[in-house]
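Please find the sequence and the predicted model below.
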Amino acid sequence: MNWISNVVRPKIRGFLRRDVPENLWIKCPDTGQLVFYKDVEANQFVIPVSNYHMRMGATARLKSVFDGETWLDIALPDVPSDPLKFRDERRYADRLRDARAKTGLKDAVKLGLGKLDGLPVVIAVQDFDFMGGSLGMAAGEAIIKGLETAVQKSTPFILFAASGGARMQEGILSLMQMPRTTIAVQNLRAARKPYIVVLTNPTTGGVTASYAMLGDIHIAEPGALIGFAGPRVIEQTIREKLPEGFQKAEYLKEHGMVDMVVHRHNLRATLSRLCRILTKAPGTPAATIEPGDKVTALEPAGDRASTL
Amino acid sequence: MRSYLDFEKPVAELEAKVEELRALQETGNALAIGEEIARLEAKATAALDELYAELTPWQKTQVARHPQRPHCLDYVSALITDFAPLAGDRKFGEDSAIVGGFGRFEGESICVIGHEKGSTTEDRIRHNFGMARPEGYRKAVRLMEMADRFEIPVLALVDTAGAYPGIDAEERGQAEAIARSTEACLALGVPNVAVILGEGGSGGAIAIAAANRVLMLEHAVYSVISPEGAASILWRDTAKAQEAATSMRITADDLMRFAVIDEIIREPKGGAHRDPGAAIRAVGEAVAAAFQSLRHMDRDAIRAHRQDKFLAIGRIAA
């Protein structure tokens, strides 16, 4: 081995924000067309014309839903770090540190308490950029915390799911997040509060096989990959090409696993309407307003809370 | 005919010699052969003891998958009387990868649900090697709901490489089926006990194993993904399965330390496949004791016990 390959690189990468520079052109993964990044960002990360829904970071997602783009961050509970002292080609501890530097998040879930057209809601977002949105102890505990907060504050719970599944580096303790989160879902149900899941691209594995498939209402974003086993695993098992559109949002709707496929531009209004109906809150003109309009300007947030 | 695992080679050689000498003895020529047989047998036993006292996680994985290891239906036929196997999810079909039904355990009514891998080639195909489709999990839900209504405790026998990853399984909602089955376990107002008999493979296992008491055979393994799967994803090299088996902490001792399981059931010398009868008896005794320990609790208490137990896993003590 060349001696130079052993050189430890200065750990400076972690300080560099990996955000895409604003002047960059990006390629639509679907049609290959080149689009201006700023246009995509301004369009809620949906590529104009092709309507391809790109992944959305946790903060951008919370901004896109909460009134006035503001909310209270709910702190993630502390969990034991790297319980297995795991290493594959790299140490898990190092991977974690990099993911934190890259995303600015503590782990793959971000929690917010805020208002949606004046109605208080708790929202959990899984950020795929944090180790594939994988479900480990921290993410599991965060989902539980989010559901518990919804029970305490007597609000609906909205989940934006995006995950490759369990975090393998935490072994069996990641598997245990499946029953653990399920318990928290059961407690929300016992409190008779709505649980709405938005399945985004991609949501697979232990996340779909637990809390993400236990919602009262399942919404999927167009084209999102949703399933239990990943397409590669299935192809390897059955040694066949998978059918066109297999495990896509539209396919899941056709097979009875999701209630609706909703364009990101209509998501906020849809969530608002559903939360209001299920909690028997009065309807709001804001809920039918076209996306992009300044909804919060019409309905001062403070007034609505008192109607609950 | 006994089948040996690769690491059992020294034992295999000694036992083959014993067999040879036995054959010779039957032809009736040598006098000193009896002594030699006894000596070799003792040596084989010692070698076996030594091997099994310190199995590596990868060796345990092989033992857990041993074709002659007793499977779910072996336990059911030995431990459960008046057993009435039930079939179908009442929604789509019957999936024999998960077997289940009602019977008596030590005289009292019980509901049994388990993964069956099958013991002959024909059986294995019929049971899909213990890899269930959504119908299997939905049948499990159906049986658990029935057990709950009739206040009959539930025993889950876990032995699966994982839920089946196929087009049809996805089409009919494999993820949702697993989620609902896990949920059904956690909703039970009657005690449930799960035993990891061989392989506890990920979501396919937890779907029936979210129990008040989780017991595990000494050489069974329980993990979030198979060592081969982890090797292919994390190391991008399936040849790293042995390393993955070690790193992932999949043995009963590891899981006991993480409080993921409640009890380890010791196996006969050389593993459950060497003496299935003894292994089955040990499981029977442990299961009886586990149900006994849950007997005094009412419906709310039993549910709270299960919830508290799972929520405590991995939590930093306050």
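Received it, and whenever you're ready, just let me know what you need. Residues are numbered from 1 along each chain as shown, chains lettered A, B, ... in the order given.

Counting neighbours, what do you get for the nearest residue to residue A:247 once chain neighbours are set aside?
Leaving aside its chain neighbours, residue A:247 sits nearest to residue A:227 (4.1 Å; criterion: CB to CB, 6 or more residues apart in numbering or on different chains). For the C-beta atoms, the positions are set from N, CA and C on the backbone; glycine is no exception. A count of neighbours around residue A:227, defined by other CB atoms under 10 Å in any protein chain shown, yields 27.

Do a quick rundown of the helices in the chain.
If you meant another chain, say so; for now it's chain A. With DSSP state H as the criterion, chain A has helices at A:37-42, A:58-65, A:92-103, A:137-153, A:171-175, A:177-190, A:231-238, A:249-254, A:264-278, A:295-298, A:301-305.

other chain: chain B
B:9-26, B:33-53, B:57-64, B:72-79, B:121-126, B:134-149, B:167-171, B:174-187, B:202-209, B:227-230, B:241-247, B:252-257, B:276-294, B:299-312.

tell me the most buried of those helices?
For those, the largest average neighbour count (mean count of other CB atoms under 10 Å in any protein chain shown) is found in helix B:202-209, namely a mean of 30.

Tell me who's in contact with the residue nearest to residue B:287 when sequence neighbours are not counted.
Closest residue to residue B:287 apart from its sequence neighbours, by CB to CB, 6+ apart: residue B:193 at 5.8 Å. Contacts for residue B:193 (CB atoms under 8 Å, 6 or more residues apart in numbering or on different chains) come out as B:153-156, B:211-215, B:287, B:290-291, B:294.

Distance to residue B:234 and pLDDT for those - can I get that in JSON lines?
Output for these, formatted as JSON lines (distance: CB to CB, whole Å; pLDDT from 0 to 100):
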{"residue": "B:153", "distance to residue B:234": "39", "pLDDT": "98"}
{"residue": "B:154", "distance to residue B:234": "35", "pLDDT": "98"}
{"residue": "B:155", "distance to residue B:234": "34", "pLDDT": "98"}
{"residue": "B:156", "distance to residue B:234": "29", "pLDDT": "98"}
{"residue": "B:211", "distance to residue B:234": "29", "pLDDT": "98"}
{"residue": "B:212", "distance to residue B:234": "33", "pLDDT": "98"}
{"residue": "B:213", "distance to residue B:234": "32", "pLDDT": "98"}
{"residue": "B:214", "distance to residue B:234": "26", "pLDDT": "98"}
{"residue": "B:215", "distance to residue B:234": "29", "pLDDT": "98"}
{"residue": "B:287", "distance to residue B:234": "35", "pLDDT": "98"}
{"residue": "B:290", "distance to residue B:234": "35", "pLDDT": "98"}
{"residue": "B:291", "distance to residue B:234": "39", "pLDDT": "98"}
{"residue": "B:294", "distance to residue B:234": "38", "pLDDT": "97"}
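
Kindly reformat the helices of chain B as CSV and extend each row with distance to residue A:58.
Below are these laid out as CSV (distance: least, CB to CB, whole Å):
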stretch, distance to residue A:58
helix B:9-26, 53
helix B:33-53, 49
helix B:57-64, 36
helix B:72-79, 43
helix B:121-126, 45
helix B:134-149, 31
helix B:167-171, 27
helix B:174-187, 22
helix B:202-209, 25
helix B:227-230, 27
helix B:241-247, 29
helix B:252-257, 32
helix B:276-294, 41
helix B:299-312, 25
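
nearest to residue A:250, of those helices?
helix B:167-171 (13.4 Å; CB to CB).

Find out how far that closest one is from the centre of the chain, if you would.
Relative to its parent chain, helix B:167-171 has a centroid offset of 25 Å by CA atoms, centre = their mean, to the nearest Å.

ditto for stretch B:1-14
22 Å.

Now the phi/psi pair for residue B:212, please.
Dihedral pair for residue B:212: phi -60, psi -40, per degrees, to the nearest 10.

Looking at residue A:105 now. What's its pLDDT?
The score at residue A:105 is 95. That number is its pLDDT.

Find the nearest non-adjacent residue to residue B:73, please.
Distances taken as CB to CB, 6+ apart place residue B:116 nearest to residue B:73, at 5.4 Å, with adjacent residues excluded.

just the helices of chain A: most buried one?
helix A:171-175 (a mean of 27).

hang on, the earlier thing: got the helices of chain A as CSV, with distance to chain B columns?
Below are the helices of chain A laid out as CSV (distance: least, CB to the nearest CB, whole Å):
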stretch, distance to chain B
helix A:37-42, 30
helix A:58-65, 22
helix A:92-103, 9
helix A:137-153, 5
helix A:171-175, 4
helix A:177-190, 4
helix A:231-238, 5
helix A:249-254, 8
helix A:264-278, 20
helix A:295-298, 33
helix A:301-305, 30
